[in-house]
Each structure stands twice: as C-alpha cells, then as structure tokens.
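> sequence and computational prediction follow.
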Amino acid sequence: MNARIPRTVLFFFVITAVCGLVFGRYADSTQHGKAALSANNRGESSSGAQWRWQNPLPQGNNLRGVSVVNANTGTLVGDYGTIVRTTDGGNNWTIQSSGTTQTLWAVSFTDSSNGTAVGEVGTILRTTDGGGHWMTRPSGTVLNLRAVSFTGSSGTAVGEGGVILRTTNGGSMWVPQSSGTAETLFGVSFSDSNTGTAVGGTFGQSEIFRTTDGGEHWIPQANPGTEFLFDVSFTDTNSGTAVGDQGTILRTTDGGNSWVPQTSGTTKTLYGVSFTDENNGTVVGFEFGGTGIILRTTDGGKNWVEQTSYSLPQGASSLFAVSFSDANTGMIVGEVGIILQTTNGGQQWSSQPSVTFNYLYGVSFTDANTGTAVGYENPDGTILRTTDGGNTWLRQSSGLSDPFDGINFFGVYFVNSNVGTVVGEEGIILRTTDGGNNWVPQTSDTTDWLYGVHFTDENNGTVVGFLNGTILRTTDGGQSWVPQSIGQATGLLGVYFTDTINGTAVGNDGVILRTTDGGQNWIPQTSGTANQLRAVWFTDSDTGIVAGDQGTILRTTDGGESWVPQDSGVSETLLNVSFGDPSNGTAVGQLGTIIRTTDGGQTWVREESGTNQDLYGVSFPETNTGNAVGAFGAILRTAAQGPTPRPTVTPRPRPTPAPRP
C-alpha cells in the first residue's frame, strides 16, 4: 500500500471509526463565527484535586480570557472552569478553584483584588481577594456570556442573543439592559462608568453598539465591516479599535461616529485586542488548521506589524485573547493552555514550558518513577520518557521520519524499565532494550494501523490492528512477528495477556476474542453489546474488565465465559483502563473523564480530572500512583489515596478531534 497518497484518507477513516466524527479543535468558536520539560512554573492546585498537570504547564485547558493589572499580576480563564493566577510576573502560577466546569470566556480585574469572570449558561463569578475565593453571582440568564468590562464598581457583560447585563455594585446584582439586537455580542469595552462599546455580528454583518449613559440606551453605530467582530478596546471616550474575522480591524477616534478600516495584512481571524493608550496596541488571532498571529502598532493602527519573536511546541498555535497593563507588559493566551508574556512591548515573547502540544495516545509505567508516553509528531512521532515520576519528560528519537504527514504512535508497553515496544500507523513496531535510548524498527509485514500492544515478559507479546483486525504474536522479543487467524476480520483496539497462553482482544461491534493456547486459536465470546470496545485489562486469568463506547464497562470472573455490564456512571466513551492491583483500577476517556474502582470493577466513581481534554491512555504501576495522557499533550498525574466522588456532569456533545498533521 502506498504510504503517502492514501495517508489522509486512512487517517480520517481510522480516527472517525475510533474516535467519532472529525471536528477541528475550534468547533466551539466557529459555531459563533468565531526538548526537556521541567517542573519549574508548575501550576499548583488550590482545590485539593487528585490529578495535577505535568504537561502542558501550568495546565492544558483552552484559555479564553486574560486580565493583566500590573507587571506582576495576571489572571487567566478558560475551558472547564479554569482560572489560573500569577502574582510574580508568571514565574509561578496557581490554579484556582472556580467552583464550576463551565467554560469561562472572559475576565476583568480593576485591581489585584477585585475581578469578575463570565462564561457559559450565564455564569458570573466574582472575587474580592485576588481569586482566593470565587463566588457565583446570579445573572438571570442561561445565555452564554462572552465578554465583561469593569471600571471601578461598574461592570457590563455581553453575550449570545444580544444579552447585556449591568452592575453598579461590584457585581453583587446584575440588571438586564436592552441591546436592540438578537445577534451575539462578543466584545465590550468601557472607558469610564458611563461610556462603553459592544461589538458582535452575524454572517455578512458587523454589529457595533454605543452607550454614554451606563447602558440605559445602546445606540447602533454604522460601520463599514461585513464580518463578525470579536473584540474591542477603548483607551478613552474617543479612541477605540475593533477586530474580527478575515483580518478585520476598524478604528475610531471620535467615539464611534465613524469607523475606518485599517490594513491588517492578514485574512486570519482576529480574536483579541488590547490598547494601553491611543497609539500602542496588540491584536491576536488564528486560522483554522494554520498558525496564530500577533500584530502590533505604535501609531494607532496606521501600521500593523506582525510579531514573530516567539516559539511554541508543535501541536497548537491559536491565540484567543490579549491584555496589556502598560505599553510594555502584556500576556497572550490561547488553545490548550498557551501563555505568552512580554515585558518589552512584544519585541520578545516568552512561553510557558511544554514538551509538546501534540496528541498522546499511549502511556506505560513500570514503577512510580519510570514511564514512557507516545503519540503524534511531525516528522518522527512523539516518544517521551520520565525517570522521576513525570517531573521531567525527555524526548526520545524514534529513528523514523515522515516530514510530509508526521507519524502516529498509538500504543506502548514496557515489561521493565529497559525493555519496551511501541506500535503505530502502517504496521510500525519499535523495540528498545535500553530504556528508549535506542529504538529499533521490527518487521511486522503489515500496513495495518496497530493500536494495542501487550507483553507478558521480554519475549512473549501480542499486537492488534484496527483496519484489518490484525493479530501478531512474538515469542522472541519481536525478532519475528507471526500473524494469527481470527476468522472474519474486525477492527481490534485492545489486547491483554495474563500469561503466555491466556489472552483477550477487543474491538469493533462489541467483539471479544479469547485464546487459551497462546493465540493459535481465538474464540469469540458474547459481550452483550454492539458498542465499540476500546481497552481490556485482566487482574488474573479469570477476572477482567473491558471499557468502551458510551461508558461501557464489562466485567468477567470466569475468563470471559460470561461478561456482565457494570454501571460506570458516565456516558462518555472510555478509551483505556489500568489496574494497580486486583481491586484498584482507573478508566479514562472523552472530555477528561476519569472513573475509579476500589472493588475490582464492581462499582465505579467519577473523579475530578480538572480538564475536558480527551484522555486516551492511562497507566497505574502502583495502587494509587498513575498517569493519564491525551489530547494536545495532556499529561496528568495522581498519587491519590482513593476516589473523591462528585456528581456526574452532563457533558456538552463534542466529537473527539483528530491530531492535525
């Protein structure tokens, strides 16, 4: 099979079948138009959560809003109720407890203590102690709030359906105001307690509204724009800039009586703008499937210059919001936790430490300290290694290269700290005997996409494939791989052997296959479900767990003669499972789902993961110590002493995205 021409088609087919429909990571925006890593700068959680971020740092949820009040103090908000705070110019970050899992779209601080964040379903949060405590305030709406602007104790929030809310008592009470539009308002900026501008739009039309009486009246303003406007920044009552889709920049110097288009030099979506005076301003944005953009002006927008003095790990680049406290000091935030900082007006942007933003699909730990994670990378695939429990992750070279499409590694398994095997697309099998310092390709004689791998010792191992239902078996450490017959081909995603002869493979349409003779014969077992089964784990030859679509958990205590469905308590797809001992196990899946059992899989309790990134792999080498990996470089770590139950959150439907070559 040609390795290049059909790659995109194959990739779409596999990820669609395995992970659901392929959507870009920016789906929520378009609906509205819109090599070592150290533990330095780690985001320490103040919420007591069991799972903490190891990559990206300080965390990896999308960041949607930022408010910088001085050279030291900044607050960031984003998906899954994320709030991150620095008080020392970004040297250290604290993940604050927001009390919500709703996406927070915007935040506004008037000083280092007093701030307000707004978000989905009318969420309004207020703090008076710099985020030590965030309190929910009633908004009176379930519409999504997309922007907020405070001057002193007066503040205004805007959002979907043209909603405008106003407070004059620091956010304790919010009163609805009439905007005169049903279109979404994405941005708002007040220069004083009375004078403000809100922007938004719909397809083919820009919306700009102005008030000079604190919102008692909002007057539409004529403008030459035909694209969505996503943000606006005023430095005084007269001087303001609005930005939007297709590189749109509009400028006014007369309070909006007239808006003049400026030349941005780009057609990318411009999503955020921040001016500190009438001359100095910064705009940020992105393009779908492309890169982010930073534009800077020092002459009020007569000239916009793209800034390129920053670098980010491969896998993410979209920039969503920007805030400057003065002409020199500012922050930019974006997808999967991107944070860029400058103290010299953007001449140089520094980024937070992250070893990758690419997808990680598999992880294998042999003890609490030693583990390997694998995933996508262009050109050579991602292989990351830690020997200190994930405090540092080092890149390892796969020895392969595909600069056109990059390489996906889907599975990894180590039998001890030195000997391990990685499998991936188009029949890739790699072997190491020195802890990954060197990876040696092995001959698989297949172009199937290999998803699952498991070894019982250094010599005896099995891999399975999805496209053709491939099963390959080795008894000599992979020097030779022998295909095994399973009858009618069906996509296989997971495999587990308890010894050299007893093993189970799972995959499409609820298929479960069992061998008791080292794979010479594979016998179908009755699963009782047509759901796709993603992973399997056995704690002994008789007792096993299978996880899959729609929160499926199946359990057997008789070697698979009978499989009994268990109540997982979740509806999200479960993508992997791992047990640290016969009683304690963890399954992970879509939208950051983590569930935990302490009775061998009979009962499961949801744990708080702190993210809505999809989690693809999990490994527990010990009872309470484990790592999970997932979308956009997510690596989470726990050393918890048991599950912390929480109510099951009704997930927002979001198909699992595919890695972007």
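Received, thanks.
> contacts and neighbour counts: CA atoms only from here.
Noted.
> tell me the secondary structure for the closest residue to residue 56 other than its chain neighbours?
Closest residue to residue 56 apart from its sequence neighbours, by CA to CA, 6 or more residues apart in numbering: residue 354 at 4.7 Å. Classification of residue 354 using DSSP: H, G, I helix; E, B strand; the rest coil returns coil.
> surely residue 354 and residue 315 touch.
No: counting by CA atoms under 8 Å, residue 354 sits too far from residue 315 to count as a contact (10.8 Å).
> so for the two, which sits in the more crowded spot?
Each of residue 354 and residue 315 has its neighbours counted (other CA atoms under 10 Å); residue 354 has more, 25 against 21.
> against residue 591, how distant is the more buried one?
Going from residue 354 to residue 591 by CA to CA, to the nearest Å gives 21 Å.
> next: residue 434.
35 Å.
> neighbour-wise, which of those two wins?
More crowded of residue 434 and residue 591, by other CA under 10 Å: residue 591, with 23 against 12.
> distance of the residue nearest to that one when sequence neighbours are not counted from residue 540?
Leaving aside its chain neighbours, residue 591 sits nearest to residue 612 (4.1 Å; criterion: CA to CA, 6+ apart). Computed with CA to CA, the distance linking residue 612 and residue 540 is 33 Å.
> check residue 440 too.
Taking CA to CA as the measure, residue 440 falls 32 Å from residue 540.
> also residue 351?
Noted for residue 351: a distance of 46 Å to residue 540, by CA to CA.
> who's more crowded, those two?
residue 351 (19 against 14).
> may I ask which helix or strand encompasses residue 231?
Using DSSP states H and E, residue 231 sits in strand 229-234.
> and that strand, which strands flank it?
strand 240-244 (antiparallel) (DSSP bridges).
> elements contacting the very next helix or strand once past the strand it pairs with?
For strand 240-244, the following helix or strand on the C-terminal side (DSSP H and E) is strand 249-252. Applying 3 or more CA pairs under 8 Å, 6 or more residues apart in numbering; DSSP states H and E, one finds that strand 249-252 contacts strand 240-244, strand 260-261.
> tell me if I'm right that residue 205 and residue 224 touch.
No: using CA under 8 Å, residue 205 is not in contact with residue 224; the gap is 9.2 Å.
> so for those two, which sits in the more crowded spot?
residue 205 (15 against 12).
> please state the backbone phi and psi of that one?
Here is the backbone geometry of residue 205 (degrees, to the nearest 10): phi -150, psi 130.
> residues in contact with it?
225, 226, 227, 228 (CA atoms under 8 Å, 6 or more residues apart in numbering).
> report pLDDT for it.
Residue 205 carries a pLDDT value of 89.
> now it: how far from residue 245?
Taken as CA to CA, the span from residue 205 to residue 245 is 11 Å.
> then residue 165?
25 Å.
> then residue 202?
Residue 202 sits 11 Å away from residue 245, going by CA to CA.
> between the two, which is the more surrounded one?
Neighbours were counted for residue 202 and for residue 245 using other CA under 10 Å; residue 245 has more, 23 against 18.
> for the nearest residue to the more buried one once chain neighbours are set aside, grab the count of nearby residues.
Excluding its sequence neighbours, the residue lying closest to residue 245 (CA to CA, 6+ apart) is residue 269, at 4.3 Å. Residues near residue 269, counting by other CA under 10 Å, number 28.
> what bridges to residue 269?
Going by DSSP bridges, residue 269 forms beta bridges with residue 286.
> shouldn't residue 57 be in contact with residue 354?
Yes: in terms of CA under 8 Å, residue 57 counts as a neighbour of residue 354; the distance is 6.0 Å.
> hang on, residue 336 in a helix?
Yes: secondary structure of residue 336 (three-state DSSP): part of a helix.
> what's the closest of the contacts of residue 205 to residue 423?
residue 228 (44.6 Å; CA to CA).
> OK, contacts around the closest residue to that closest one other than its chain neighbours?
Sequence neighbours aside, residue 201 is the residue nearest to residue 228 in space, at 4.7 Å (criterion: CA to CA, 6+ apart). Residue 201 makes contact with 183, 184, 185, 207, 227, 228, 229, according to CA under 8 Å, 6+ apart.
> now those in a markdown table, with neighbour count?
Listed next are these as a markdown table, based on neighbours: other CA atoms under 10 Å:
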| residue | neighbour count |
| --- | --- |
| 183 | 21 |
| 184 | 26 |
| 185 | 32 |
| 207 | 24 |
| 227 | 22 |
| 228 | 29 |
| 229 | 34 |
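> take these and keep only those in strands.
Counting by DSSP state E, those place 184, 185, 207, 229 in strands.
> first-to-last residue distance for stretch 273-291?
17 Å.
> same check on stretch 109-117?
Across stretch 109-117, first to last residue, CA to CA, it's 9 Å.
> now that stretch: buried residues?
Buried residues in stretch 109-117, defined by neighbour count with 16 or more other CA atoms under 10 Å: 109, 110, 111, 112, 114, 115, 116, 117.
> which residues touch that stretch?
67-69, 73, 77, 104-108, 124-131, 148, 150-152, 171.
> let's see that with 6 Å instead.
Under the criterion CA atoms under 6 Å, 6 or more residues apart in numbering, residues 69, 106, 107, 108, 124, 125, 126, 127, 128, 129, 130 lie in contact with stretch 109-117.
> which of the residues you listed count as buried?
69, 106, 107, 108, 124, 125, 126, 127, 128, 130.
> buried ones in stretch 433-447, by neighbour count?
Neighbour counts using 16+ other CA under 10 Å place 433, 435, 436, 439, 441, 442, 444, 446, 447 of stretch 433-447 among the buried residues.
> what does that stretch rub up against?
398, 417, 418, 419, 426, 427, 429, 430, 431, 432, 481.
> and that stretch, how far from the chain's centre?
Relative to its chain's centre, stretch 433-447 lies at 30 Å (CA atoms, centre = their mean, to the nearest Å).
> what about it, average pLDDT?
pLDDT averaged over stretch 433-447 gives 97.
> show the end-to-end separation of that stretch, please.
Stretch 433-447 has an end-to-end distance of 24 Å (criterion: CA to CA).
> circling back to that earlier point, burial measure for the residue nearest to residue 591, as a count.
Residues lying near residue 612 (other CA under 10 Å) number 23.
> how close does it get to residue 572?
According to CA to CA, residue 612 and residue 572 sit 11 Å apart.
> and the residue nearest to residue 591, what helix or strand is that in?
Taking DSSP H and E as the definition, one finds residue 612 inside no helix or strand.
> identify the residues contacting residue 219.
Counting by CA under 6 Å, 6+ apart, residue 219 has contacts 209, 210.
> which residue in the contacts of residue 205 has the weakest pLDDT?
Comparing pLDDT over those, the lowest score belongs to residue 225 (86).
> which residue packs closest to that residue, ignoring adjacent ones?
residue 206 (5.3 Å).
> now do the contacts for that neighbour.
Contact partners of residue 206, counting by CA under 6 Å, 6+ apart, are 225, 226, 227, 228, 229.
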